[in-house]
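Participant: when you get a sec, could you give me coordinates for this:
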Amino acid sequence: MVKPWDGFHSQLRTWNWFSQVGQPLRHQATSDQPWRVWNWSNACWWCTASISWWCANEATNLVTEFLGVNYLERYRSWNDHIDAINDSLDPIVAECIEPAIPAHVDEPITDWIRALLRIASMELAYCEIIPIRIACALRVVDWFWLGHFPCGWIAGAETGFPRYSQIVVF
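Facilitator: Numbering: from 1, shown residues only. Next up, the predicted model:
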């Protein structure tokens, strides 16, 4: 059976992971630029920062809360989806992402990367019913596709997420 995230996971295998880290961002207007870091050390700090993980968890919470309130039957398949997504992501992380991480990077950045990819996959699982305003992880993982590393996520206040949050990119 084809899963909603299968095409996305197939695409992940073709991406040039981290090929543009530290390079200029040419695809966005200056006013739309994310926060930037310029080295792996800073990128690693951000992907283990509490605020980054709070934002990632909040992205998941927005989807689960919406489903729990509006689509309880669909929400009940959440854990089954998570298990299937994790099984699909394991070889992608091992075969495509980990080999692309520079040898000198000793931080566990794959936890962060896997979390973003898992959230994006869940947004795809429910894409026909969740509002676009709460489906924010797919926009974040686009940075991976562009060869950059979305290494962190910040929000000034709980009430401003995701509208007033910003991605940190290397």
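Participant: so for G160, what's the pLDDT?
Facilitator: For G160, the pLDDT comes out at 82.
Participant: offset the numbering so it begins at 475, please.
Facilitator: Renumbered: residue one is now 475, and that last one reads G634.
Participant: what count of nearby residues applies to it?
Facilitator: 10 (other Cβ atoms under 10 Å). The way it works is simple: take the backbone N, C-alpha and C, and place the C-beta from them, glycine included.
Participant: again with S595
Facilitator: Count around S595 with other Cβ under 10 Å applied: 26.
Participant: that one looks like it's in a helix, true?
Facilitator: Yes: S595 forms part of a helix when assessed by DSSP: H, G, I helix; E, B strand; the rest coil.
Participant: and the nearest residue to it once chain neighbours are set aside, how close does it get to F492?
Facilitator: Computed as Cβ to Cβ, 6 or more residues apart in numbering, the closest residue to S595 that is not its neighbour in sequence is W479, at 4.0 Å. Distance of W479 to F492, computed by Cβ to Cβ, to the nearest Å: 22 Å.
Participant: now W627
Facilitator: 18 Å.
Participant: between these two, who's got more neighbours?
Facilitator: Using other Cβ under 10 Å, the more surrounded residue of W627 and F492 is W627, with 29 against 20.
Participant: enumerate every residue touching the residue nearest to S595.
Facilitator: 559, 562, 595, 598-599 (Cβ atoms under 8 Å, 6 or more residues apart in numbering).
Participant: quick one: L612 from M596, how far?
Facilitator: L612 is 10 Å from M596, by Cβ to Cβ.
Participant: neighbour count for those two, which is higher?
Facilitator: Taking other Cβ under 10 Å, L612 and M596 do not tie; M596 has more neighbours (25 against 18).
Participant: surely that one and H555 touch.
Facilitator: Yes: using Cβ atoms under 8 Å, M596 is in contact with H555, at 6.3 Å.
Participant: output the below-cut-off pLDDT ranges for the protein.
Facilitator: 501-506 (pLDDT under 70).
Participant: list the contacts of the residue nearest in space to the middle of it.
Facilitator: When the chain is reduced to its mean C-alpha position, the closest residue under Cα atoms, centre = their mean turns out to be L590, at 2.4 Å. Counting by Cβ under 8 Å, 6+ apart, L590 touches 530, 611, 614-615, 618, 624.
Participant: make it 10 Å
Facilitator: For L590, the contacting residues are 521, 526, 530, 533, 611-612, 614-615, 617-618, 624-625, 627, 641, by Cβ atoms under 10 Å, 6 or more residues apart in numbering.
Participant: just the closest of these to V543, please.
Facilitator: A533 (16.8 Å; Cβ to Cβ).
Participant: residues near the closest one, how many?
Facilitator: A533 has 25 nearby residues by other Cβ under 10 Å.
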